[in-house]
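Student: Predicted model, plus sequence, below.
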Amino acid sequence: MVWIRKVFDFFLFSSIYIALCAVIMLWQSGHLMHLSFSRDYYWFVFFSTICSYNFHWYLTQHSHNGGDRILWSSHHKTTHLLFYFAGVIGSVIFFYKLRQHGLVLFFAVLLTFLYSAPKIPLPYFRFLKLVAIGKTIFLTSVWTYVTTILPVFIAGQHFNHEMKWFAASRFFLIYGICILFDFRDRADDRDEGIRTMVNYFNERGVDRLFLFSMIAFVFFTGGLLFRGVSLITVLKLMIPGIILFFIYPKAKKSVSDYLYYFFLDGLMILSALLMALLPI
């Protein structure tokens, strides 16, 4: 039905979905690493994600891939702008409530801003396009820092080995997902003068980079078995990586926004949903 499609597109393309993904990933970090941190941090991450992604898509003017998202964004610039300002207001409010952690939070805000900064049509930001070769690693690091490392600081705890291995596991899962996004968007990045690692590799090189990421993911996830994490939990953490590995050949050939922004992004929260729905 048309109205269901419109509601779903709004939920997905206004970035409410990805913001909820970030919140669910936070819950998983707290649950798995036995952290207790303020609910204000959940709200801060939610509003910051809304702010960041709507800012990014407001600045995105075109795409070689075309697709539903770029079409939706072109018709909903005002929506992106309103959500951006709502995200700014919410982020500022909850940043203030978490001001005792202001330094580590500001670092996250700076990293998030720098990811989209090359799209700003001002000369002060053009040089960032020339140093964006690590864009994929950069985005992965932001997600890992915000959803896995920062919660430890907010909870006032120190990193133990379990936390480090879980952070590495999450990093390489997200990195594998981001490689697919960069591969799909390589023509857009070339047009905008943004250098990425994927653009420096041929397709075989990209395949090898993805394979390395998946091997590292399996290594660090499996290593949690020796850090006090149960076998069933490790298996749940493995499932998104296994699905990503087998869908990789198809995803490389697809430009479907629903595959990328719903299914692939959804892999980041699949293990958390399995942990919540199947607690055994």
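Tutor: Nice, thanks for sending it over.
Student: quick one: low-confidence parts of the stretch 51-200 of the chain?
Tutor: In the predicted model, the stretch 51-200 of the chain carries pLDDT under 70 at residues 62-66, 116-135, 189, 191-196.
Student: Can you name every helix or strand that whichever strand or helix holds Tyr175 contacts?
Tutor: In this structure, Tyr175 sits in helix 161-184 according to DSSP states H and E. Packing partners of helix 161-184 (3 or more C-beta pairs under 8 Å, 6 or more residues apart in numbering; DSSP states H and E): helix 16-32, helix 135-144, helix 197-200, helix 203-223, helix 231-253, helix 265-277. For every residue, glycine as well, the C-beta is placed using N, CA and C.
Student: If we use 10 Å, what do you get?
Tutor: Packed against helix 161-184, as judged by 3 or more C-beta pairs under 10 Å, 6 or more residues apart in numbering; DSSP states H and E, are the following elements: helix 16-32, helix 135-144, helix 150-154, helix 197-200, helix 203-223, helix 231-253, helix 265-277.
Student: would you turn those into CSV with mean neighbour count and distance to Leu103?
Tutor: As requested, the helices and strands packed on helix 161-184 are exported to CSV (neighbours: other C-beta atoms under 10 Å; distance: least, C-beta to C-beta, whole Å):
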stretch, mean neighbour count, distance to Leu103
helix 16-32, 20, 19
helix 135-144, 20, 16
helix 150-154, 21, 9
helix 197-200, 17, 30
helix 203-223, 17, 28
helix 231-253, 16, 31
helix 265-277, 18, 26
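Student: do you know which of these lies nearest Asp188?
Tutor: helix 197-200 (10.4 Å; C-beta to C-beta).
Student: and the closest one, how far out from the chain's middle?
Tutor: Counting by C-alpha atoms, centre = their mean, to the nearest Å, helix 197-200 is centred 19 Å from the centre of its parent chain.
Student: Return the alpha-carbon coordinates of that helix using CSV.
Tutor: Extracted C-alpha coordinates of helix 197-200, given in CSV (Å, rounded to 0.1, in the frame of the first residue of the first chain):
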residue,chain,number,x,y,z
MET,A,197,40.9,3.5,-0.2
VAL,A,198,38.3,1.6,-2.3
ASN,A,199,39.0,3.9,-5.2
TYR,A,200,42.6,3.1,-5.1
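Student: circling back: which one of the helices and strands packed on helix 161-184 lies closest to Asp40?
Tutor: Proximity to Asp40 (C-beta to C-beta) singles out helix 150-154 among these, at 8.8 Å.
Student: Would you mind pulling the contact partners of the closest one?
Tutor: 25-30, 33, 35-38, 40-42, 44-45, 98, 100-101, 103-105, 107-108, 144-145, 157-160, 163, 167 (C-beta atoms under 10 Å, 6 or more residues apart in numbering).
Student: now with 7 Å?
Tutor: 26, 29-30, 35, 37-38, 41, 101, 104, 108, 159, 163 (C-beta atoms under 7 Å, 6 or more residues apart in numbering).
Student: tell me which of those residues is nearest to Ile242?
Tutor: Closest to Ile242 out of those is Ser29 (21.1 Å), distances taken as C-beta to C-beta.
Student: So what angle separates the directions of the helix holding Tyr175 and helix 16-32?
Tutor: Helix 161-184 runs at 160 degrees relative to helix 16-32, counting by axes from the mean of the first three to the mean of the last three C-alpha atoms, to 10 degrees.
Student: Just the buried ones from the contacts of helix 150-154?
Tutor: 26, 29-30, 35, 37, 41, 101, 108, 163 (16 or more other C-beta atoms under 10 Å).
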